[in-house]
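Chemist: got a structure for you, letters missing:
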């Protein structure tokens, strides 16, 4: 199940830059993210609905079968290891979450290869300096 997704033009530009970097260009594990970006509805930041997962968003989601809930921030790869509560957009879960909105579900595979369905329950946008 691949729901429609929306990505900001700023996020798209930054992510494409990272994907074209020498250390990521030949990584086949990033093909899922490339596919998501290719099918995304790209919009300017001011045209994004407030409940769309963007880079830096805090997301509460659950596994639909188990009901297990998670609360994570979607971050760039270099930010993921700094402390808990973050998921890299370069991970399968991170690339699956990018562009989803509250209430949407998506199927994805865990690193162990298990197929699961996650549903977005809440999205909190990052605070931007004035």
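Modeler: Everything's here; your move. All of these numbers come straight from a predicted model, not from anything done at the bench. Numbers count the residues shown, from 1 in each chain.
Chemist: okay, now residue 46: neighbour count?
Modeler: Residues within reach of residue 46, counting by other Cβ atoms under 10 Å, total 6. (Each C-beta comes from the backbone N, C-alpha and C, glycine too.)
Chemist: Specify the local secondary structure of it.
Modeler: helix (DSSP: H, G, I helix; E, B strand; the rest coil).
Chemist: Okay, buried residues for the strand ranked longest in the chain please.
Modeler: Looking across the chain with DSSP state E, the single longest strand is strand 115-124. By neighbour count on 16 or more other Cβ atoms under 10 Å, the buried set for strand 115-124 is 116, 118, 120, 123.
Chemist: For that strand, give me every contacting residue.
Modeler: 1, 50-53, 57-65, 69, 93, 96-97, 100-110 (Cβ atoms under 8 Å, 6 or more residues apart in numbering).
Chemist: Please check those residues and keep the buried ones.
Modeler: 51-53, 57-59, 61-62, 93, 96-97, 100-102, 104, 106, 108.
Chemist: Where do the helices of this structure begin and end?
Modeler: For the chain, applying DSSP state H gives helices covering 9-20, 22-25, 31-39, 77-80, 92-97.
Chemist: May I see the buried residues of the third one?
Modeler: Buried residues in helix 31-39, counting neighbours by 16+ other Cβ under 10 Å, are found at 32-34, 36-37.
Chemist: What is the nearest of those to residue 14?
Modeler: residue 37 (10.9 Å; Cβ to Cβ).
Chemist: ok, that closest one - contacts?
Modeler: Applying Cβ under 8 Å, 6+ apart, the residues near residue 37 are 7, 12, 15-16, 19.
Chemist: No further questions, thank you.
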